[in-house]
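> How does the following fold in three dimensions:
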Amino acid sequence: MMLTADYVALMARYNAWQNAQITRAIDGVSLKVLTEDHGAHFSSILGTLNHILWGDRMWLHWFGVEDTRPEGGIKESTTLTPTGAAWSAERFTTDGRIKAWAGRVHSIDLTGDLTFYSGALGAEITTPMAACVTHFFNHQTHHRGQVHAMLTRAGLPAPVTDIPFMPEDHA
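Model prediction:
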C-alpha cells in the first residue's frame with residue numbers, strides 16, 4: 001500500500017473541518033440530548049464523539065506524537081469528557097496536534113511497520129504503518145457517520161461530509 005504525505009495532510013484537514021462542524025451542531029445542546037441512547041455501538045452522540053477522541057489520542061501516542069496514552073480502554077472511552085463543551089475544547093486541541101503531525105509527515109515516514117500494544121487484542125502487534133494511518137482516519141470517518149445519523153435522529157443539523165465541498169481555507 002502506497003500512502004503519501006499529501007493524503008495525510010488532506011485527511012487531517014478533513015478531520016478538523018468535520019469536527020468544527022460537529023462542534024457548531026452541538027453547541028448549546030443539552031447534556032440530556034447528547035447522552036441519549038440512540039442504540040449505536042457507543043450509545044450516544046457524546047459517547048461516540050468521546051470514543052473517536054480517545055481513539056485519536058491512542059493512535060497519536062502509538063505514532064509517537066503524544067507522550068502519554070489516554071486513560072482506560074475502549075469500554076471507558078465513551079466517558080473521556082463529561083460535556084459537549086469539554087469535548088469541543090479537547091477536540092480542538094487534538095485536531096491541532098493531528099494537523100501539526102500531518103504537516104511534519106513525509107511519505108517515507110509512512111513506510112515500514114508500527115509495533116504497539118493493543119489493549120483490544122491484549123497483545124503486542126506489528127502492522128504496516130500505512131495501514132495504521134489509513135485506519136486512523138477511517139476510524140474517525142466511520143464513527144462520525146454514526147454521529148451524523150444520531151444528530152439527524154435528534155433533529156440537530158448534521159455536517160456536510162463530502163471532501164470536495166471542504167473549504168480550501170480550512171487549514
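> pretty sure Glu66 is touching Leu60, no?
Yes: taking contacts as Cβ atoms under 8 Å, Glu66 lies within contact range of Leu60: 4.4 Å. In short, each C-beta sits where N, CA and C put it, glycine included.
> okay, and for this protein, where does confidence drop off?
For the chain, the stretches flagged by pLDDT under 70 are 1, 169-171.
> where do the contact lists of Glu66 and Leu60 overlap?
Common neighbours of Glu66 and Leu60, using Cβ atoms under 8 Å, 6 or more residues apart in numbering, are Arg97.
> Give me the contacts around the host helix or strand of His135.
Taking DSSP states H and E as the definition, one finds His135 inside helix 129-153. Defining contact as Cβ under 8 Å, 6+ apart, one finds that helix 129-153 is touched by 1-3, 8, 11, 14-15, 18, 22, 25-26, 38, 40-42, 44-45, 48-49, 51-52, 55-56, 59, 62-63, 109-114, 157-159, 161.
> try it again with 7 Å
For helix 129-153, the surrounding residues in contact (Cβ atoms under 7 Å, 6 or more residues apart in numbering) are 1, 3, 8, 11, 15, 18, 22, 25, 38, 40-41, 45, 48-49, 51-52, 55-56, 59, 110-114, 157-159, 161.
> Show the contacting residues for the closest residue to Ile98 other than its chain neighbours.
For Ile98, ignoring the flanking residues on the chain, the nearest one in space by Cβ to Cβ, 6 or more residues apart in numbering is Ala12 at 5.0 Å. By Cβ under 7 Å, 6+ apart, the contact set of Ala12 is Ile98, Lys99, Ala102.
> Cheers, nothing more for now.
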